[in-house]
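**Student:** just coords:
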């Protein structure tokens, strides 16, 4: 499993990967933060694809994920997942956040996508504390990767310096726990 998880600082919309994950809302219609940035970069094709999904199956529930074409993005696909709104941690937020990561990874595996890039899900307007979210993200992704061959590479893409520092620290702790060298 060595080196299958990377943390990078940058703009998720610019990555050439199998899938980028969109921290979406239930309606999949775009919004603020990373969701809005992904929709703007992908162009109107992404919104049209999301509307087709909602017309076919209804809104995306918290902790679930759906996949669409990527529009103008360099990625092959966009996986839209809905993370939980933070209500203090006593309403199943950690389980719902883990479910959002797990369902996204399952879709990447199902669609034979060897690389996937995640933003920090639920830590913007949904208010999930970044440190706690990073812990859930690493625990969920590392558990999944220990049991699955795909995706081969997972990126955590951090837009701001604070999130990048937190995720770098979490990566180092995870690597130490796995007996891996940090780089």
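**Tutor:** Cool, got the structure. Everything numeric in this text was worked out from a predicted model, so none of it was measured. Residues are numbered from 1 along each chain as shown.

**Student:** just the strands in this structure please.
**Tutor:** Using DSSP state E, the strands found in the chain span residues 5-9, 19-23, 65-69, 77-81, 115-118, 153-158.

**Student:** out of these, deepest packed?
**Tutor:** Stretch with highest mean neighbour count among the strands of the chain: strand 19-23 (a mean of 29; mean count of other Cβ atoms under 10 Å). Heads up, the C-betas are built off the backbone N, CA and C, glycines and all.

**Student:** Next, the angle from it to strand 65-69.
**Tutor:** 130 degrees (axes from the mean of the first three to the mean of the last three Cα atoms, to 10 degrees).

**Student:** what about strand 19-23, average pLDDT?
**Tutor:** For strand 19-23, mean pLDDT is 97.

**Student:** other SSEs contacting that strand?
**Tutor:** When contacts are defined as 3 or more Cβ pairs under 8 Å, 6 or more residues apart in numbering; DSSP states H and E, strand 19-23 sits against helix 33-42, strand 77-81, helix 93-110, strand 115-118.

**Student:** what residue lies at the spatial centre of this structure?
**Tutor:** Centrality entry for the chain: nearest residue to the mean C-alpha point is residue 118, 3.1 Å, by Cα atoms, centre = their mean.

**Student:** just checking, it touches residue 101?
**Tutor:** Yes. Contact criterion Cβ atoms under 8 Å: residue 118 and residue 101 qualify, at 7.1 Å.

**Student:** so what sits against both of those two?
**Tutor:** By Cβ atoms under 8 Å, 6 or more residues apart in numbering, residue 118 and residue 101 have these common neighbours: 137, 141.

**Student:** For the nearest residue to the residue nearest to the centre of the chain once chain neighbours are set aside, list the residues it contacts.
**Tutor:** Distance criterion Cβ to Cβ, 6 or more residues apart in numbering; nearest residue to residue 118, sequence neighbours excluded, is residue 21 at 4.7 Å. Residues near residue 21 by Cβ under 8 Å, 6+ apart: 65, 78-81, 104, 116-119, 121.

**Student:** same question, residue 23
**Tutor:** 33-35, 81-83, 119-122, 124, 126 are the contacts of residue 23 under Cβ under 8 Å, 6+ apart.

**Student:** which two in those residues are spaced the farthest apart?
**Tutor:** With distances taken as Cβ to Cβ, the most widely separated pair in the contacts of residue 23 is 82 and 120, at 14.5 Å.

**Student:** before we move on, back to that, any chance of the strands of the chain in JSON lines, with distance to residue 57 too?
**Tutor:** Shown next, in JSON lines, are these (distance: least, Cβ to Cβ, whole Å):
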{"stretch": "strand 5-9", "distance to residue 57": "31"}
{"stretch": "strand 19-23", "distance to residue 57": "17"}
{"stretch": "strand 65-69", "distance to residue 57": "8"}
{"stretch": "strand 77-81", "distance to residue 57": "12"}
{"stretch": "strand 115-118", "distance to residue 57": "22"}
{"stretch": "strand 153-158", "distance to residue 57": "26"}
